[in-house]
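Peer 1: Need a 3D model of the sequence below.
(chains A and B)
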Amino acid sequence: GEQVEQLPSILRVQEGSSASINCSYEDSASNYFPWYKQEPGENPKLIIDIRSNMERKQIQELIVLLDKKAKRFSLHITDTQPGDSAMYFCAASGGNYQLIWGSGTKLIIKP
Amino acid sequence: EAGVTQSPRYAVLQEGQAVSFWCDPISGHDTLYWYQQPRDQGPQLLVYFRDEAVIDNSQLPSDRFSAVRPKGTNSTLKIQSAKQGDTATYLCASSFYGGHGQNTLYFGAGTRLSVL
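Peer 2: Numbering: from 1, shown residues only, chains lettered A, B, ... in the order given. The predicted model follows:
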């Protein structure tokens, strides 16, 4: 079945710099790619998503890129702040509309 | 708008005991999901419903886990004879499908289960 690979598992960046998380998927029918942020003890919350009819989407400091040919999508956080420290999960939804989740990236913002 | 409501927030059991988790999705959401999230791992789908019908329960350990959504609104996930390996947070999420494909999942606060 569909798998989503997410890398890196841990990412440490200096405050103010950019952070990038990469995901790849297998099912060419996947058409919806959300990103969730989960803070300790909290539930996952959607922060940005992109559909297959787009290649790029930006919401404030969050940028998502989608390369359908390569079956890859990525999250870029510009000008990182301490509040960006959290677990980030990518996911992909295929033809059966079921979300397949990546294994998560722990983002640590160093002061 | 009220979010996804789950109860209880915490549960502590001895092995072999049973427990039920309850979820009230966002009003109007036809799709409801139960996920298991072990510590430091991503959410793993157990089962999901569209209205009252089970769409996929292939990851639900059927010998000890059961889930129902009888009226297509609230849902209950039950573990009979819990094992230590069931220790995790159980997340309920809902979304509106409406025949138009995948849409945003909204998660409840989760139930943290510890099996001693």
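Peer 1: all contacts plus neighbour counts: C-alpha atoms, from now on.
Peer 2: Noted.
Peer 1: Name the nearest residue to the residue nearest the centre of chain B, sequence neighbours excluded.
Peer 2: Residue closest to the average C-alpha location in chain B (C-alpha atoms, centre = their mean): B:Trp34, at 2.6 Å. Nearest non-adjacent residue to B:Trp34, counting by C-alpha to C-alpha, 6 or more residues apart in numbering or on different chains: B:Cys92, 4.7 Å away.
Peer 1: any weak-confidence spans in the chain?
Peer 2: Defaulting to chain A. For chain A, residues meeting the criterion pLDDT under 70 lie at A:1, A:95-97.
Peer 1: wrong one, chain B
Peer 2: By pLDDT under 70, the weakly predicted segments of chain B are B:1, B:98-102.
Peer 1: For it, which segments are assigned as helices?
Peer 2: Applying DSSP state H to chain B gives no helices.
Peer 1: ranges for the strands of it?
Peer 2: For chain B, the strands defined by DSSP state E occupy B:5-7, B:10-13, B:19-24, B:31-37, B:44-50, B:53-56, B:65-68, B:75-79, B:88-95, B:106-107, B:111-115.
Peer 1: Would you mind naming what in chain A lies close to chain B?
Peer 2: A:32, A:34, A:42-46, A:89, A:93, A:97-98, A:101-104 (C-alpha under 8 Å from any C-alpha of the partner chain).
Peer 1: For these, which two are the farthest from each other?
Peer 2: Spanning the widest gap among those are A:Glu42 and A:Tyr97, at 25.0 Å by C-alpha to C-alpha.
Peer 1: Between these two, tell me which one has more neighbours.
Peer 2: Shown here are A:Glu42 and A:Tyr97; by other C-alpha atoms under 10 Å in any protein chain shown, A:Tyr97 has more neighbours (17 against 12).
Peer 1: quick revisit: got the contact list for the residue nearest to B:Trp34?
Peer 2: By C-alpha atoms under 8 Å, 6 or more residues apart in numbering or on different chains, the residues touching B:Cys92 are B:4, B:6, B:23, B:25, B:32-35, B:107-108, B:110.
Peer 1: Output the residues you listed in TSV, with distance to B:Lys83 appended to each entry.
Peer 2: Output for the contacts of B:Cys92, formatted as TSV (distance: C-alpha to C-alpha, whole Å):
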residue	distance to B:Lys83
B:Val4	27
B:Gln6	22
B:Cys23	22
B:Pro25	27
B:Leu32	25
B:Tyr33	22
B:Trp34	18
B:Tyr35	17
B:Phe107	25
B:Gly108	24
B:Gly110	19
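Peer 1: Which one of those residues is nearest to A:Lys57?
Peer 2: Set against A:Lys57, the nearest of the contacts of B:Cys92 by C-alpha to C-alpha is B:Phe107 (23.0 Å).
Peer 1: wouldn't the closest one be in contact with B:Pro43 here?
Peer 2: No - with contact defined as C-alpha atoms under 8 Å, B:Phe107 does not count as touching B:Pro43 (10.8 Å).
Peer 1: wait, B:Ile79 sits on B:Phe65?
Peer 2: Yes - B:Ile79 is in contact with B:Phe65 according to C-alpha under 8 Å; the separation is 4.6 Å.
Peer 1: The two - which one has more neighbours?
Peer 2: Between B:Ile79 and B:Phe65, counting by other C-alpha under 10 Å, B:Ile79 is the more crowded of the two (20 against 17).
Peer 1: For the more buried one, give me its contacts.
Peer 2: B:Ile79 is in contact with B:18-20, B:64-66, counting by C-alpha under 8 Å, 6+ apart.
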